[in-house]
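> okay, predicted coordinates and the sequence, questions at the end:
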Amino acid sequence: MNDTNTSISNFVLSCLKEIEEKELAGAVFIIIYLVTIFGNTMVIVIVITDHQLQRPMFLCITVLSLIDLTCSTTIVLKILAILLFNNNLISHSGCLAQMFILHHMEALEIFLLTLMAFDRYVAINDPLRYPAVITNKVILASIAGINVLGVILVMVYMFFAETFNFCSTNILPYCFCDFTAMLRTACLEDTRYIIYTSTLSAIFIVFTFLLIVFSYAKIILLALKMSSADGKKKALSTCVTHLSVVGLFYFPLIFIYVVPTSRQPASSTVASSMIMVSTIMPPMLNPLIYSLRNKEIKQSIQKVVKRKRVTTFIFN
């Protein structure tokens, strides 16, 4: 193979080779994907059709569902193609496109989770000022801003990936195209890629994670001061549940992108599995954690179900 990445027309994704029952694994991924599609699509439809839900927090939840749908589709469909049809080839341009979408969605979710934590902090810490501080316009402007910032951050990784040389192999040790996978495979003599990207990831990922933890810690402290035992229990339960999903999303990202590659386990299966956990499980759980446990969304779903029953009864 030549010394430049221009000679690479295709990559081979080395995915879940240890699994013998590939059909069973494929069935599990299909179930996860269908649950993800159903949950997130239902949230989007409910918020769009119910004008009473078109408020800042629910706008954030809708965007989160769109991100989760995009991220899960980008990853799971290729994994299914590998498991069920043994289609483990991906073009160089397709690999870069998948990497851009994946990292862009990850960046958007990181910023959005931070924004949602801040929204809850203001709502509980300063409820009287909340309607003036957090408005739909502020949320939409923030979402537009984090989208632009996300593109700028991801382009740094894309620039480095474009300069990689693949002189010994075109086999990527992951189930999908990811910057870390390309970094592991490329022939690198310069450690600046590792230093730059680990530093950028540390600033970007760890800082936002600390902001989220700080926001929820303040909320928990306020909840502990509540006089109502039921209100205290509900607030604490919500915070713990949210932080659990945030941790499920963040910890693999911190381990893979912040910890230098040289200090990570040699097994690429571990790294690939951790990234899959952070990109596949939260999209399936987010509708349940952020939406379907919400009283207003549950009431809206009940209205739709009742309306459907009445319509069915009339036409029958």
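It's in.

> could you check how far the nearest residue to L292 once chain neighbours are set aside is from Q54?
Nearest residue to L292, sequence neighbours excluded (CB to CB, 6 or more residues apart in numbering): K298, at 6.8 Å. In short, each C-beta sits where N, CA and C put it, glycine included. Separation of K298 from Q54 (CB to CB, to the nearest Å): 17 Å.

> what about the stretch 51-200 of the chain, any weak spots by pLDDT?
189-191 (pLDDT under 70).

> with adjacent residues omitted, what lies nearest to V138?
Closest to V138 by CB to CB, 6+ apart is P56, at 7.2 Å.

> hang on, that neighbour packs against I134?
Yes. Using CB atoms under 8 Å, P56 makes contact with I134 at a distance of 4.8 Å.

> export stretch 171-191 to PDB, keeping only CA atoms.
These are the backbone C-alpha positions of stretch 171-191, laid out as PDB (Å, rounded to 0.1, in the frame of the first residue of the first chain):
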ATOM      1  CA  ILE A 171      -8.500  -2.000   8.600                       C
ATOM      2  CA  LEU A 172     -10.200   0.200  11.100                       C
ATOM      3  CA  PRO A 173     -10.500  -1.600  14.500                       C
ATOM      4  CA  TYR A 174     -14.000  -0.200  15.200                       C
ATOM      5  CA  CYS A 175     -17.600  -0.900  14.000                       C
ATOM      6  CA  PHE A 176     -17.700   2.600  12.500                       C
ATOM      7  CA  CYS A 177     -15.500   5.500  11.400                       C
ATOM      8  CA  ASP A 178     -14.300   7.500  14.400                       C
ATOM      9  CA  PHE A 179     -11.300   9.800  14.900                       C
ATOM     10  CA  THR A 180      -9.800   7.500  17.500                       C
ATOM     11  CA  ALA A 181     -10.100   4.500  15.100                       C
ATOM     12  CA  MET A 182      -8.300   6.400  12.400                       C
ATOM     13  CA  LEU A 183      -5.700   7.600  14.800                       C
ATOM     14  CA  ARG A 184      -5.000   4.000  15.900                       C
ATOM     15  CA  THR A 185      -4.600   2.800  12.300                       C
ATOM     16  CA  ALA A 186      -2.700   5.700  10.800                       C
ATOM     17  CA  CYS A 187       1.100   5.700  10.400                       C
ATOM     18  CA  LEU A 188       2.100   8.600  12.700                       C
ATOM     19  CA  GLU A 189       5.500   9.800  13.700                       C
ATOM     20  CA  ASP A 190       4.300  13.100  15.100                       C
ATOM     21  CA  THR A 191       2.600  13.000  18.500                       C
END
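
> use 318 as the first number for this chain going forward.
In the new count, where the first residue is 318, that last one comes out as stretch 488-508.

> any idea which element P600 lies in?
helix 585-603 (DSSP states H and E).

> okay, that helix in CSV with CA atoms only?
Output of helix 585-603 as CSV, limited to C-alpha atoms (Å, rounded to 0.1, in the frame of the first residue of the first chain):
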residue,chain,number,x,y,z
SER,A,585,-9.7,-2.0,20.2
THR,A,586,-12.8,-4.0,21.1
VAL,A,587,-12.9,-2.3,24.5
ALA,A,588,-12.6,1.2,22.9
SER,A,589,-15.2,0.4,20.2
SER,A,590,-17.6,-1.1,22.7
MET,A,591,-17.3,2.0,24.9
ILE,A,592,-18.1,4.3,22.0
MET,A,593,-21.1,2.2,21.0
VAL,A,594,-22.4,2.4,24.6
SER,A,595,-22.2,6.2,24.5
THR,A,596,-23.8,6.5,21.1
ILE,A,597,-26.4,3.8,21.2
MET,A,598,-27.7,3.5,24.7
PRO,A,599,-28.4,7.1,25.6
PRO,A,600,-30.6,7.7,22.4
MET,A,601,-32.7,4.7,23.5
LEU,A,602,-33.0,5.9,27.1
ASN,A,603,-33.3,9.7,26.7
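
> any buried residues in that helix, and which?
585-586, 588-589, 591-593, 595-603 (16 or more other CB atoms under 10 Å).

> remind me what the lengthiest helix in the chain packs against, helices and strands.
In terms of residue count, the longest helix belonging to the chain (DSSP state H) is helix 409-442. Where contact means 3 or more CB pairs under 8 Å, 6 or more residues apart in numbering; DSSP states H and E, helix 409-442 is packed against strand 327-330, helix 373-402, helix 447-450, helix 453-480, helix 496-502, helix 524-541, helix 546-570, helix 585-603.

> how distant is the second one from the center of its chain?
On the basis of CA atoms, centre = their mean, to the nearest Å, helix 373-402 sits 8 Å off its chain's mean C-alpha point.

> for that helix, name the packing helices and strands.
Using 3+ CB pairs under 8 Å, 6+ apart, helix 373-402 is in contact with helix 339-366, helix 409-442, helix 453-480, helix 585-603.

> list the buried ones in that helix?
Buried-residue list, helix 373-402, by 16+ other CB under 10 Å: 373-382, 384-393, 395-400.

> just the first one next, same as before
If you call a residue buried by 16+ other CB under 10 Å, then strand 327-330 has these buried ones: 328, 330.
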